[in-house]
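predicted model follows, preceded by the sequence.
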Amino acid sequence: QVQLVESGGGLVQAGGSLRLSCAASGLPFSSYAMGWFRQAPGKEREFVAAISWSGRSTNYAGSEEGRFTISRDNAKNTVYLQMNSLKPENTAVYYCAAILTTRWGSSRADDYDYWGQGTQVTVSS
């Protein structure tokens, strides 16, 4: 059974930082690219960042490039999202997701194969 378990969310003041983690089990982790998405109340789920199976390639939503960094540790089956200079508009539930490496590069939520349960990030002004 595939499981993706996010952690690291919480309440932070604007300008602060958080590091999200997503631990994967039940799948060949190095065969999957990984992504982070988020969903704010009343809004659609949106792409945040993705990383290739090796970690050598990354992709970001334009609004977050330069402030967010995605990384992975294949030895630990874990993907991370470092978020700096957080803004109130970054408040959302953040989800990690897995996509077969042959489809790496997609920013469409529907293309991803597995999803975590999400972790809440709240940025106060």
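That came through fine.

which of the helices or strands spans the residue positioned nearest the centre of the chain?
The residue at the geometric middle of the chain, judged as the C-alpha nearest the mean C-alpha position with C-alpha atoms, centre = their mean, is Trp36 (2.1 Å). Using DSSP states H and E, Trp36 falls within strand 32-39.

pull out the buried positions in that strand.
Neighbour-count burial for strand 32-39, counted by 16 or more other C-beta atoms under 10 Å, picks out Tyr32, Ala33, Met34, Gly35, Trp36, Phe37, Arg38. For every residue, glycine as well, the C-beta is placed using N, CA and C.

same list (these) but as CSV, adding distance to Thr101 and pLDDT.
Listed next are the buried residues of strand 32-39 as CSV, based on distance: C-beta to C-beta, whole Å; pLDDT from 0 to 100:
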residue, distance to Thr101, pLDDT
Tyr32, 6, 97
Ala33, 5, 97
Met34, 10, 97
Gly35, 12, 97
Trp36, 17, 98
Phe37, 18, 98
Arg38, 23, 98
